[in-house]
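Visitor: okay, predicted coordinates and the sequence, questions at the end:
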Amino acid sequence: MRIALIPGSFDPVHNGHLEVVERAARLFDEVVVAALRNPQKSEALFDLDERREMLEASLAHLVNVRIVSVSTLVVDVAADVGATAIVKGLRAVSDFENELQMAQMNKQLSGVETLFIPTSSAHSFIASRLLREVARFGGDVTAFVPKAVAERLEEKFADE
């Protein structure tokens, strides 16, 4: 069985993420999407449970996808779920350098290969960081995120 692991902070999940998961779901028997705590990023807007819930709502239409939320190394998650590959989405050339370095480290640590899936130009500019900023100031992000995520963002910033 070919199992792909798609790790990310998903804070919040957006349509670019969904595109990568949907494409991976056509290539692999099972896809495990892992919401991770990323210590290199600033304080998360949503906790891991909230991110897992938004991922579950956003990806419910894919029968071969399951969601986990963890706070550990990606290679440990890959081993735990029996992943045969790690899948990462690329928006732009600037993503490639960092992702390549992580892919090489993960390969050395675990032997698991990383596959890169470029997002379409329709989603290449979407970044969770930008969505948080737009939503924080009352901007409309509904074209960039699943409905469940738009609702959570609106709730999160309603009191600000």
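Guide: Here it is on my side, so go on.
Visitor: shouldn't Pro7 be within a helix?
Guide: No. Counting by DSSP: H, G, I helix; E, B strand; the rest coil, Pro7 is located in no helix; its state is strand.
Visitor: which residues does it contact?
Guide: Taking C-beta atoms under 8 Å, 6 or more residues apart in numbering, we find Pro7 in contact with Ala34, Leu36, Val74, Val77, Ile86, Lys88. Bear in mind the C-beta positions are built from the backbone N, C-alpha and C, glycine included.
Visitor: partner residues bridging it?
Guide: Ala34 (DSSP bridges).
Visitor: look up how far Ala143 lies from it.
Guide: 26 Å (C-beta to C-beta, to the nearest Å).
Visitor: now the helices for this protein?
Guide: Taking DSSP state H, the helices of the chain run over residues 15-27, 48-59, 74-81, 93-110, 128-136, 147-157.
Visitor: and the first one, how far out from the chain middle?
Guide: When C-alpha coordinates are averaged (C-alpha atoms, centre = their mean, to the nearest Å), helix 15-27 and its chain have centres 10 Å apart.
Visitor: ok, now the second one?
Guide: For helix 48-59, the distance between its averaged C-alpha position and the chain's averaged C-alpha position is 10 Å (C-alpha atoms, centre = their mean).
Visitor: quick one: buried residues of that helix?
Guide: Leu48, Glu50, Arg51, Arg52, Glu53, Met54, Leu55, Ala57, Ser58, Leu59 (16 or more other C-beta atoms under 10 Å).
Visitor: which one of the helices of the chain lies closest to Arg2?
Guide: helix 15-27 (7.8 Å; C-beta to C-beta).
Visitor: can you put the contacts of Pro7 in a markdown table and add neighbour count?
Guide: Listed next are the contacts of Pro7 as a markdown table, based on neighbours: other C-beta atoms under 10 Å:
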| residue | neighbour count |
| --- | --- |
| Ala34 | 25 |
| Leu36 | 20 |
| Val74 | 23 |
| Val77 | 19 |
| Ile86 | 24 |
| Lys88 | 23 |
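Visitor: between these, which is closest to His17?
Guide: Out of these, the member with the shortest distance to His17 (by C-beta to C-beta) is Lys88, at 10.8 Å.
Visitor: from Pro7, how far out is that closest one?
Guide: 8 Å.
Visitor: return the residues in contact with Gly89.
Guide: Here Gly89 is in contact with Ile6, Gly16, His17, Glu19, Val20, Phe116, Ile117, Pro118, Thr119 (C-beta under 8 Å, 6+ apart).
Visitor: filter those residues down to the buried ones, PyMOL style.
Guide: In PyMOL, a selection of the buried entries from those looks like this (16+ other C-beta under 10 Å):
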select buried, resi 6+16+17+19+20+117+118+119
